[in-house]
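Sharing a model that was predicted from the sequence below.
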Amino acid sequence: MRRKFAISVLLITLILTLPSFSFSSSSNVAKLTFNPIPLTLTSGGNFTINLTVLDVTNLNCWQTTIKFDGKILNCINVSLPQDNIFSGHSTIFPTPKIDNNIGQVSIFCALDEAIGVNGSGTLCTVQFKALKEGVSTIKYINVGKMWIDGTYLQDPNGQTIPFETKIGVIQITGQGFIENTFTITYGSETLQVKTLSNSTITNLTYNQTLKAITYDATGPDNTKGACIITIPQKIMNTTLIALSDNTPLKTFITELNTLPENGTHNFLYYSYTHTTHKIKIYQTIAGDITGDKKIDIKDVAIASRSFGTTPESPNYRQTADINDDGKVDIKDISYISKNFGKYLQQ
Ligand SMILES: [Ca+2]
């Protein structure tokens, strides 16, 4: 009797434990991703990316808005490939709304009958033109929002289907770019920093105390050098500044969405003139454009001097264009003023 009781308890325990094991894995949640990603291309060319859904159940209708950097990429077309997830069924596919000024495309597609499809597949194919060197993330935005620029999945009963999303990174290189991988030490960990550059890169080191990367970049005198550097977020994050021979080149600020990242790595693009030797990248405070990790009258003065300029103007300073919108205006000055007096606590 006692033995029977013990077995029943064991069985009940098993029954109670087993389902919690299978529920704890979230592999059944649908996922929106991009294919292929990451992607590295040369500027000037066209390329396509598929918007992809994984592990979806009972999909009847989808809508998405994707965001990218319209200064680096332009969307030129959206199409439904033959083998898209709704293939074999009749669909409703209105003309997508492409806005390259804000770097956004909204796309909608629905089955023409009240049924749903299961599994993984392509939602649609988006064609882009790579305008110039740099890095652009590609993201699903307004996730779960059933409004006009939202991203959602729906079943035939009009119920939303939960899903996760992934961020894609697109790196646009120029002529002669070569990839290099450097191993650095962070605490007891060994991590990698990658560079894609037309310069010869040597002596790359990471200083954990200063949270700084330095390296030497060389190339033919007075030619343009440029680099896309991939940095693990755990070694430096939030606001970064890149300098060449101690002259600030560019700032990258998470808060202003000017630091391209995919959740694990930051991707910085900057350019300089060869003759440059020491490139330095370190963490600073948002609004610091001189690189001294504080915001004072010097930052305001530099920004004021380049007020009203665009990249074509001689006085334009990329670092003063805090929000990276191609002009130094009141938005940049007021951002610096708003943060006046702040400094990086180390
Ligand atoms: Ca600006």
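Now that the structure is in, tell me what you want to look at.

separation between the residue most central in space within the chain and residue 239?
Compute the mean C-alpha point of the chain, and by CA atoms, centre = their mean the closest residue is residue 137, 3.3 Å away. To residue 239, residue 137 is 17 Å away according to CB to CB, to the nearest Å. Any C-beta I mention is one placed from the backbone N, CA and C, and that applies to glycine too.

can you check residue 188 too?
For residue 188, the distance to residue 239 equals 27 Å [CB to CB].

And these two? Which one has more around it.
Each of residue 188 and residue 239 has its neighbours counted (other CB atoms under 10 Å); residue 239 has more, 22 against 5.

How about the more buried one, nearest residue that isn't a chain neighbour?
Once flanking residues are discounted, residue 239 sits nearest to residue 286: 4.5 Å by CB to CB, 6 or more residues apart in numbering.

Kindly confirm whether my reading is correct that the one you found touches residue 255.
Yes - Residue 286 is in contact with residue 255 according to CB atoms under 8 Å; the separation is 5.5 Å.

Give me the secondary structure label for the residue in the stretch 101-250 of the chain positioned nearest to the ion.
Nearest to the ion, among the residues of the stretch 101-250 of the chain, is residue 250, at 12.4 Å (CB to the ion). Three-state assignment for residue 250 (DSSP: H, G, I helix; E, B strand; the rest coil): strand.

List the contacts of it.
241, 242, 268, 270, 318, 319 (CB atoms under 8 Å, 6 or more residues apart in numbering).

Please repeat the previous calculation with a cut-off of 10 Å.
Residues in contact with residue 250 (CB atoms under 10 Å, 6 or more residues apart in numbering) are 240-243, 258, 268-272, 281, 289, 317-319, 321, 324.

Let's see which of these end up in strands.
Of those, the ones assigned to strands by DSSP state E are 240, 241, 242, 243, 268, 269, 270, 271, 272, 281.

For my notes, confirm residue 301 occurs in a helix.
Yes - with the criterion set as three-state DSSP, the secondary structure at residue 301 is a helix.

Do I have it right that it meets residue 290?
Yes - Residue 301 lies in contact with residue 290 (CB atoms under 10 Å); the separation is 9.3 Å.

quick one, which of these two is more surrounded?
For residue 301 and residue 290, the more surrounded residue by other CB under 10 Å is residue 290, and the numbers stand at 18 against 10.

Just say helix, strand or coil for residue 157.
Of the three states, residue 157 takes coil according to three-state DSSP.

if I look at it, how far off is residue 225?
Distance from residue 157 to residue 225, by CB to CB: 57 Å.

Comparing the two, which shows the higher neighbour count?
Using other CB under 10 Å, the more surrounded residue of residue 157 and residue 225 is residue 225, with 23 against 9.

Which residues are in contact with that one?
176, 197-201, 217-219, 244, 270-276, 279.

what does residue 42 give?
Residues near residue 42 by CB under 10 Å, 6+ apart: 130, 133, 172, 173, 174, 175, 177.

The closest residue to residue 34 other than its chain neighbours: what's it in contact with?
Leaving aside its chain neighbours, residue 34 sits nearest to residue 168 (3.9 Å; criterion: CB to CB, 6+ apart). For residue 168, the contacting residues are 33-39, 49, 51, 66, 68, 136-140, 262, by CB under 10 Å, 6+ apart.

Return a PyMOL selection command for the buried portion of these.
Buried residues among those (16 or more other CB atoms under 10 Å), as a PyMOL selection:
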select buried, resi 33+34+37+39+49+51+66+68+136+137+138+139+140+262
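
Against which helices or strands is the helix or strand residue 192 falls within packed?
Using DSSP states H and E, residue 192 falls within strand 189-197. The contact analysis (3 or more CB pairs under 10 Å, 6 or more residues apart in numbering; DSSP states H and E) places strand 189-197 against strand 168-173, strand 178-186, strand 200-207, strand 212-218, strand 224-232, strand 265-273, strand 278-283.

Just say which of these is most tucked in.
Highest mean neighbour count of the helices and strands packed on strand 189-197: strand 168-173, a mean of 23 (counted as mean count of other CB atoms under 10 Å).

That one to strand 224-232, inter-axis angle?
Inter-element angle recorded for strand 168-173 and strand 224-232: 160 degrees (by axes from the mean of the first three to the mean of the last three CA atoms, to 10 degrees).

Just list the residues touching whichever residue of the stretch 51-200 of the chain sits closest to the ion, thanks.
Of all residues in the stretch 51-200 of the chain, residue 71 sits closest to the ion, at 12.0 Å by CB to the ion. Taking CB under 10 Å, 6+ apart as the criterion, residue 71 is in contact with 100, 101, 103, 131, 132, 134, 136, 324, 325, 326.

related to what we said a few turns ago, from the contacts of residue 42, which would you call buried?
The buried subset of these - by 16+ other CB under 10 Å - is 130, 133, 172, 173, 174, 177.

Would you reformat these as TSV and include pLDDT and distance to the ion?
Converted to TSV, the buried ones among the contacts of residue 42 look like this (pLDDT from 0 to 100; distance: CB to the ion, whole Å):
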residue	pLDDT	distance to the ion
130	97	23
133	96	20
172	97	21
173	96	25
174	94	24
177	96	27
